[in-house]
Each structure stands twice: as structure tokens, then as C-alpha cells.
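S.K.: A predicted structure for the sequence below; I have some questions about it.
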Amino acid sequence: MEEKATTPYPECTENVIVLVCEPSAEYGKPILYQGTTITNALKDYYSFTTNREKVGVLKWIIAQPTFTELKRLSLAENKIFTLYTNQYDEILKTGETPNNLQIAQKFVSNGYDVFLLSNPKATKSADFIIRKRICLYYVEGKTSSGGSSLVHRFENGAEQADKTAINFIGYPKTSEIIEIINSTFYNQANVSELFLFKGKRLITVSRDFCNSKHFENDFYRLWTKQK
């Protein structure tokens, strides 16, 4: 019999579409449990089956005092938090911005706070926890120029989290993107939402949107919109 994770995470309300914490939740207040690490919390996340349990893990992780603001890339209203501020500061001083930081910046410019997660060895993990008002999302980030790489980005992202963010570089064909979105939701039962960045614009595609009668026409208008 598989052992059930027993780490006592805070209670949150359950929602079948998104992970939503109680409005009164104090996100900035550290909630500590002796003997628990972020790596173990992520293991619990994948072992849990309900949104109530999963959002409790996310809430616990972002409340840890080891997260600090990455001020170089944060905005006044929305911020990027990381466990390795000094490391990222050194990278940014060279003028380089890693792919995940580019995605984090784009989330921030669209009204989200971003918590960058490490990738512990031998432990499955997504790249971000993002927060908008009382909603928390566990998201894998990918960068793609389209073509065959886009298929792999969607497939690999689905293995890490039920939500994937794709930052598009260049000008992939709209018809190609629509075809792969349809294929992703059809073949990957765990995928619930895609965050697609075209430049700084964020286009969100849920499973319900993908299954809607006029999805292809509606998405085409969204994707080809100039601003």
C-alpha cells in the first residue's frame, strides 16, 4: 500500500477549476512545520489528489522566509521572489536573462507575483508558483520558436504540472499553434491550462476554451491581435 503524505499544510477551499486559497489567507506570514523542506513539500504536492491538499502545499511553500525579492526584475505592484537572489543578481549583471526569468518578467507585467522554484535532483518539480489576488498556480515554463520543438515543449511541460507557460520566440504559424493546442488537451488528460506569451501579451487557454465551438476562430483573433 502506498504511504499517504501526512505533512500538515494549511486548509484552503477546493475549486475544480483553479487552486484558490481563502481570501483571509496571510500569504506573507511564514507557516513552518518542523522537519519539512520545500523539496519534501513538492513530493507531497505530486502525491496529493485534491485541490484542497495541493493548494495547501503551494501556500506553505510561498510563505517560507527563505524566499526573497529579486528587485532587479520586480515591479512596484508585482514581484519576483527567489531562493537564490545573489545567484540571479550575478547572472543579471552580465546582461543575460535566462529563459525562466524572461517568462517570470512577463507574468509580472501581466499582474502576477512569481515564486521561482529550484529543480531538486531526483524530484519532479515545475518552475514557478504564480499568484494573482487569491489564486495560486503551479506552472512549468518553456521557450519555443515553433515547429517540432513546440510539440516537445507542451509534452514535457505536461509531465511537470497541469499548467504550462510557453514563451514564443519568432513568428510560429498560428495554424500550427492551434493544432498543437488541440492535440495537447486531447492527449494530455492532466493539462488544465496553457499560458501563451506572444511578446509581452499573455493569452490564456483553458481546456473549456479549447473545447468550445468557436475555439479556432476565437484563438486566431486573439493571437493575431496587434495589441
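M.R.: That came in fine, so what should we check first?

S.K.: Need the contact partners of the strand or helix carrying G141.
M.R.: According to DSSP states H and E, G141 maps onto strand 135-144. Contacts to strand 135-144, defined as Cβ atoms under 8 Å, 6 or more residues apart in numbering, come from residues 18-21, 45, 54-55, 58-59, 62, 99-100, 102-104, 126-131, 150, 153-154, 156-157, 160-169, 172, 193, 195. All C-beta atoms are positioned from the backbone trio N, CA, C, and that covers glycine.

S.K.: Now do the buried residues in that strand.
M.R.: L136, Y137, Y138, V139, E140, G141, K142, T143, S144 (16 or more other Cβ atoms under 10 Å).

S.K.: distance of the residue positioned nearest the centre of the chain from T184?
M.R.: For the chain, V139 is the residue whose C-alpha lies nearest the centre (Cα atoms, centre = their mean; 1.9 Å). Counting by Cβ to Cβ, to the nearest Å, the gap from V139 to T184 is 15 Å.

S.K.: cool, and N119?
M.R.: 22 Å.

S.K.: Neighbour count: those two, which is higher?
M.R.: Set side by side, N119 and T184 show more neighbours around T184, with 22 against 12, by other Cβ atoms under 10 Å.

S.K.: Hmm, V191 and the more buried one touching each other?
M.R.: Yes - with contacts counted by Cβ atoms under 8 Å, T184 reaches V191, the gap being 5.8 Å.

S.K.: Pull up the overlap in contacts between the two.
M.R.: With Cβ under 8 Å, 6+ apart as the test, T184 and V191 both reach A158.

S.K.: hang on, the earlier thing: if any of the contacts of strand 135-144 are buried, give me the PyMOL selection for them.
M.R.: Here is the PyMOL command that selects only those of those that count as buried (16+ other Cβ under 10 Å):
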select buried, resi 18+19+20+21+45+54+55+58+59+62+100+103+104+126+127+128+129+130+131+150+153+154+157+160+161+162+163+164+165+166+167+168+172+193+195
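
S.K.: Among the contacts of strand 135-144, name the ones in helices.
M.R.: In helices, defined here by DSSP state H, the members of these are 45, 54-55, 58-59, 62, 99-100, 102-104, 150, 153-154, 156-157, 160.

S.K.: Roughly how far does the closest residue to R131 other than its chain neighbours sit from T164?
M.R.: Distance criterion Cβ to Cβ, 6 or more residues apart in numbering; nearest residue to R131, sequence neighbours excluded, is D113 at 4.4 Å. Between D113 and T164 the computed distance is 19 Å (Cβ to Cβ).

S.K.: do the same with Y138
M.R.: On the measure of Cβ to Cβ, Y138 and T164 end up 10 Å apart.

S.K.: Need the residues touching each of those two.
M.R.: Shared contacts of Y138 and T164, defined by Cβ under 8 Å, 6+ apart, are absent.

S.K.: Please look at P172 and I166 and confirm they touch.
M.R.: No - with contact defined as Cβ under 8 Å, P172 does not count as touching I166 (9.8 Å).

S.K.: anything in contact with each of those two?
M.R.: Each of S144, L150 lies in contact with both P172 and I166 under the rule Cβ under 8 Å, 6+ apart.

S.K.: burial measure for S175, as a count.
M.R.: 10.

S.K.: doesn't it fall inside a helix?
M.R.: Yes - under DSSP: H, G, I helix; E, B strand; the rest coil, S175 sits within a helix.
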